[in-house]
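Enquirer: Pasting the sequence and the predicted model now:
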Amino acid sequence: GRLDAIQAGILQVKLRHLPEWTQSRREAAARYRELFTQADSRELAPYEPEWAKAVYHLFVVRVPDREGFMRHLAEAGIGTGIHYPVPLHLQKAYSSLGYQAGDFPVAERTASEIVSLPMFPQLTADQQKRVVAGVMGVLAPAVLTSI
């Protein structure tokens, strides 16, 4: 992308905070894991290999009824998002590869089930407790999975 001078100036200031914000996101992800483990007796978090350190730009879970799940959380005043609704092989940028719907059924099913929970550097433990309570209030424990 191309930035204009105003966007570049703002980004230059914001970049100074990136290490702190990344650490805050990692701490928030650890709190989510702990809260979901307490509520559900199993660990829930995006997969993070030992050799990597995720920045947790998003905290994504999979649910079988995404629309109902999101509606329930919205009614409880909890925001959610869908950040990657189209699997890669069906995106316009890759249309020249000739893939069709049905070629990668697992990716297609996953794309229809993913929901991003609130995740930002200033997310507090109390806010996360409210999110987890809202999530567990709509789903049977065995239904919620991580990606």
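Expert: Sure, I can see it.

Enquirer: What are the buried residues along stretch 25-41?
Expert: Neighbour-count burial for stretch 25-41 flags 25, 26, 28, 29, 31, 32, 33, 34, 35, 36, 39, 40 (criterion: 16 or more other CB atoms under 10 Å). The way it works is simple: take the backbone N, C-alpha and C, and place the C-beta from them, glycine included.

Enquirer: Quick check: residue 21 touching residue 121?
Expert: Yes - look at residue 21 against residue 121 with CB atoms under 8 Å: they come within range, at 3.9 Å.

Enquirer: Wasn't residue 60 part of a strand?
Expert: Yes - judged by DSSP: H, G, I helix; E, B strand; the rest coil, residue 60 forms part of a strand.

Enquirer: So in terms of bridging, what pairs with it?
Expert: Bridge pairing for residue 60 (DSSP bridges) gives the partners residue 116.

Enquirer: what's around it, how many residues?
Expert: 21 (other CB atoms under 10 Å).

Enquirer: related to what we said a few turns ago, which of the buried residues of stretch 25-41 fall within helices?
Expert: Residues of these located in helices (DSSP state H): 25, 26, 28, 29, 31, 32, 33, 34, 35, 36, 39, 40.

Enquirer: Tabulate the residues you listed in TSV, adding columns for distance to residue 70 and pLDDT.
Expert: Output for these, formatted as TSV (distance: CB to CB, whole Å; pLDDT from 0 to 100):
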residue	distance to residue 70	pLDDT
25	22	97
26	25	95
28	20	96
29	20	93
31	22	94
32	17	93
33	22	89
34	24	90
35	19	91
36	18	88
39	19	79
40	19	72
